[in-house]
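K.L.:
Build me a model from this:
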Amino acid sequence: MIKIQAPELYRDSGAYEARKGQSLRARYVYGLIFFATNLLAWFIRDYGAKLLGGLHHIPVCGAGDSKCFRSGGVLRVSLGCFIFFWVMFATTFGTRKLQGVRNSWHSGCWTLKFLVYAVSIVTPFIIPNIFIQLYGEIARMGAGIFLILQLISMLHLISWCNKRWMPAPGSNQCGLFGLFLSTVSFIASFAGILVLYIMYVPNSSCVFNIFTIIWTAVLVKIMMAVSLHSKVNEGLLSSGIMGSYIVFLCWSALHSEPRTGKCYTEMKIGKDGNWATIISFIIAICSIVSATFSTGINNRSFQFRSDETRLEEDVPYSYEIFHIVFAVGAMYFAMLFISWELNHPITRKWSIDVGWASTWVKIMNEWLAFCIYVWRLISPALSRKQPANDEESPSTI
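P.N.:
Residues are numbered from 1 along each chain as shown. Below you'll find the model as predicted:
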C-alpha cells in the first residue's frame, strides 16, 4: 500500500506547488493591469480630447471636455478599474484551497478576464454624468480607506523589521544590524528635514512650509522619545523607520502645493512641463502601483488571526483582500489624478496630486500615522497597568 500511495502523494505535492506558483505569478499580471489603467487614465486626461475626438459623439460625453476627458475621463477609467477588481473580489471571495475552481479563475482564464476588463473600462463611458459624480464622492472615501490600509501595512512592515533585526529583551542576540539601520534611519530623517527646509523655504514668508517642516521634526523627536521610554522600551529601529516615513509624507505634502507663489521653484523645459514635474509624475505612478501591490499582497496585516497554520493545499494569500485593495486603489489613483477635486481644472500636463486639497490630505495622513504609531507604542504599557489597578482596587475598599 505504501508503494502505491507514495507516488500519488508526490504527484499531489507537485500539483500544489505548480498551482501555488501560478497563483503567485498572477499577482504581477494584476499589477501590470493596474499600471496600464493608470497610464490610460493619464492619457485620457491629458491627450484624450485631442486624440479621441470620436468620444464626443457619445451622448453622455457631449461637446465639452469635462465629462469624458480631463477629470471626468479619469473618474470613468477609475470606475472601470474598480468594477473589474470588484468582480474579481466577488468571484474569488472565500477561496481557500488551490484545487478549487475559483483558484483556477484567479490564476488563469486570462483571455476571458481581459474581455471582462475591456467591458469594465468601456461601460463607464456610457453611464450618465450624474452617476460618475456620485462615484467621485464615493471614491474620496474609498481613497481614504486605501490610505488607512496602506498605513496598517506600513506598521506591519515596521513591526516585522523590529522583530527581525532587534534582539528581544534579555536575549544574547546581537542587534548590530538593527542598530545600524536605526542610525541610518534617523540620519536620513533629520537630513531629509534639512533638505526640505532648503528646498521649500526660500524665504521667511513661507510660514506654512516652515510650520509643516518644524512640526514634522517635532513629531520625529516625540516618536524617538516615546520608543526609548522605560515603560515602552521599543528601541530605535521602529521609530527610525517610522520617522523616515513621516518625513516622506511631509515632502509629499509640500510637493503637492500649487505651483505658484514664492515658495516653489522649478527648472522649465517647455510650456507643458518641466523635468521635475515629469520625473515626479513617473515616480508617482510607480509609487501608486507599488503601494497598491505591496498592500494587496500583505494580507496578514488585515487578518484578525495571523497564527493560523497554513496547509500545503491552502492558497498562498487572500484573494479577496488582494482584489479589494486594488479596487480601492483605483479610487485612490483617481483622487491623485484630479487632486481630490471632482471638477479640478487640469491646466498642466504631467501633473499629479497637485493642489491644496492634496496637500492637506497628506498632512492629515502624516498626523494620523504619527498618532496610530504612538498609540501602538503606549497601548501595551497601558494594558499592563490596567490589571494592576484592578487588583489593587478591592483592597482599598
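K.L.:
now the strands for the chain?
P.N.:
For the chain, no strands turn up when DSSP state E is the criterion.
K.L.:
where does the stretch 151-300 of the chain have low pLDDT?
P.N.:
Scanning the stretch 151-300 of the chain for pLDDT under 70 picks out the ranges 167-175, 233-235, 261, 264-277, 280, 298-300.
K.L.:
One more pass at 80, please.
P.N.:
Scanning the stretch 151-300 of the chain for pLDDT under 80 picks out the ranges 164-178, 229-236, 259-284, 287, 291, 293-300.
K.L.:
How about the stretch 1-150 of the chain?
P.N.:
Ranges of the stretch 1-150 of the chain meeting pLDDT under 80: 1-16, 49, 51-57, 59, 62-67.
K.L.:
and the residue lying closest to residue 238 once chain neighbours are set aside, how far is that from residue 382?
P.N.:
In space, residue 238 comes closest to residue 162 once its chain neighbours are excluded; the distance is 4.4 Å by Cβ to Cβ, 6 or more residues apart in numbering. All C-beta spots, glycine's among them, are computed from the backbone N, C-alpha and C. To residue 382, residue 162 is 19 Å away according to Cβ to Cβ, to the nearest Å.
K.L.:
what do you get for residue 147?
P.N.:
Taking Cβ to Cβ, one finds residue 147 at 26 Å from residue 382.
K.L.:
and if you look at residue 216?
P.N.:
Distance of residue 216 to residue 382, computed by Cβ to Cβ: 26 Å.
K.L.:
Just want to know which of residue 162 and residue 382 has more residues nearby.
P.N.:
residue 162 (21 against 10; other Cβ atoms under 10 Å).
K.L.:
contacting residues for the residue nearest to residue 42 when sequence neighbours are not counted?
P.N.:
Spatially, and ignoring its direct neighbours in sequence, residue 42 is nearest to residue 337 (6.8 Å; Cβ to Cβ, 6+ apart). Residue 337 makes contacts with 41-42, 45, 71, 74, 78, 352-353, as judged by Cβ atoms under 8 Å, 6 or more residues apart in numbering.
K.L.:
CSV please, covering those and showing distance to residue 377 and neighbour count.
P.N.:
Output for the contacts of residue 337, formatted as CSV (distance: Cβ to Cβ, whole Å; neighbours: other Cβ atoms under 10 Å):
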residue, distance to residue 377, neighbour count
41, 39, 26
42, 40, 22
45, 42, 24
71, 40, 23
74, 39, 29
78, 36, 29
352, 34, 23
353, 30, 24
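K.L.:
ok, of those, which one's closest to residue 252?
P.N.:
residue 353 (8.0 Å; Cβ to Cβ).
K.L.:
send the alpha carbons of stretch 245-260 over as CSV?
P.N.:
C-alpha atoms of stretch 245-260 as CSV (Å, rounded to 0.1, in the frame of the first residue of the first chain):
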residue,chain,number,x,y,z
TYR,A,245,8.2,57.6,6.6
ILE,A,246,6.8,60.7,8.3
VAL,A,247,9.4,62.9,6.6
PHE,A,248,8.5,61.3,3.3
LEU,A,249,4.8,62.2,3.8
CYS,A,250,5.9,65.8,4.7
TRP,A,251,7.9,66.0,1.5
SER,A,252,4.9,64.6,-0.5
ALA,A,253,2.6,67.2,1.1
LEU,A,254,4.9,70.1,0.3
HIS,A,255,5.5,68.9,-3.2
SER,A,256,1.7,68.9,-3.7
GLU,A,257,1.4,72.6,-3.1
PRO,A,258,0.2,74.6,-6.1
ARG,A,259,3.0,75.6,-8.5
THR,A,260,2.6,79.3,-7.7
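K.L.:
That one: how far from the chain's middle?
P.N.:
16 Å (Cα atoms, centre = their mean, to the nearest Å).
K.L.:
Please apply the same query to stretch 37-57.
P.N.:
The answer for stretch 37-57 is 25 Å, by Cα atoms, centre = their mean.
K.L.:
Please enumerate residues in contact with that stretch?
P.N.:
61-63, 65, 68-71, 73-74, 76-78, 80-81, 121, 125, 281, 285, 288-289, 330, 333-334, 337, 346, 349-350, 352.
K.L.:
got the end-to-end distance for that stretch?
P.N.:
End-to-end distance for stretch 37-57: 23 Å, by Cα to Cα, to the nearest Å.
K.L.:
Now do the buried residues in that stretch.
P.N.:
37-38, 40-42, 44-46, 48-49, 55 (16 or more other Cβ atoms under 10 Å).
K.L.:
Report how many residues lie close to the closest residue to residue 288 other than its chain neighbours.
P.N.:
For residue 288, ignoring the flanking residues on the chain, the nearest one in space by Cβ to Cβ, 6+ apart is residue 333 at 5.1 Å. Residue 333 is flanked by 29 other residues according to other Cβ under 10 Å.
K.L.:
For residue 96, see how far away residue 333 is.
P.N.:
For residue 333, the distance to residue 96 - Cβ to Cβ - is 30 Å.
K.L.:
which stretches of this structure form helices?
P.N.:
Assigned by DSSP state H, the chain shows helices spanning 2-46, 48-51, 70-92, 101-107, 110-122, 129-165, 176-200, 207-227, 236-255, 275-297, 319-337, 356-396.
K.L.:
Deepest in the core, which of these is it.
P.N.:
Most buried of those by mean neighbour count (mean count of other Cβ atoms under 10 Å) is helix 319-337; its value is a mean of 25.
K.L.:
hey, C-alpha coordinates of that one in PDB?
P.N.:
In PDB, the C-alpha atoms belonging to helix 319-337 read as follows (Å, rounded to 0.1, in the frame of the first residue of the first chain):
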ATOM      1  CA  TYR A 319      -7.500  36.700  -3.000                       C
ATOM      2  CA  GLU A 320     -10.400  38.800  -1.700                       C
ATOM      3  CA  ILE A 321      -8.200  41.100   0.200                       C
ATOM      4  CA  PHE A 322      -5.800  41.400  -2.700                       C
ATOM      5  CA  HIS A 323      -8.600  42.400  -5.100                       C
ATOM      6  CA  ILE A 324     -10.400  44.700  -2.700                       C
ATOM      7  CA  VAL A 325      -7.200  46.600  -2.100                       C
ATOM      8  CA  PHE A 326      -6.800  47.100  -5.900                       C
ATOM      9  CA  ALA A 327     -10.400  48.200  -6.100                       C
ATOM     10  CA  VAL A 328     -10.000  51.000  -3.500                       C
ATOM     11  CA  GLY A 329      -6.600  51.600  -5.100                       C
ATOM     12  CA  ALA A 330      -8.500  52.500  -8.300                       C
ATOM     13  CA  MET A 331     -10.300  55.100  -6.300                       C
ATOM     14  CA  TYR A 332      -7.100  56.400  -4.800                       C
ATOM     15  CA  PHE A 333      -5.300  56.900  -8.200                       C
ATOM     16  CA  ALA A 334      -8.400  58.800  -9.400                       C
ATOM     17  CA  MET A 335      -8.100  61.200  -6.500                       C
ATOM     18  CA  LEU A 336      -4.400  61.700  -7.200                       C
ATOM     19  CA  PHE A 337      -5.000  62.500 -10.900                       C
END
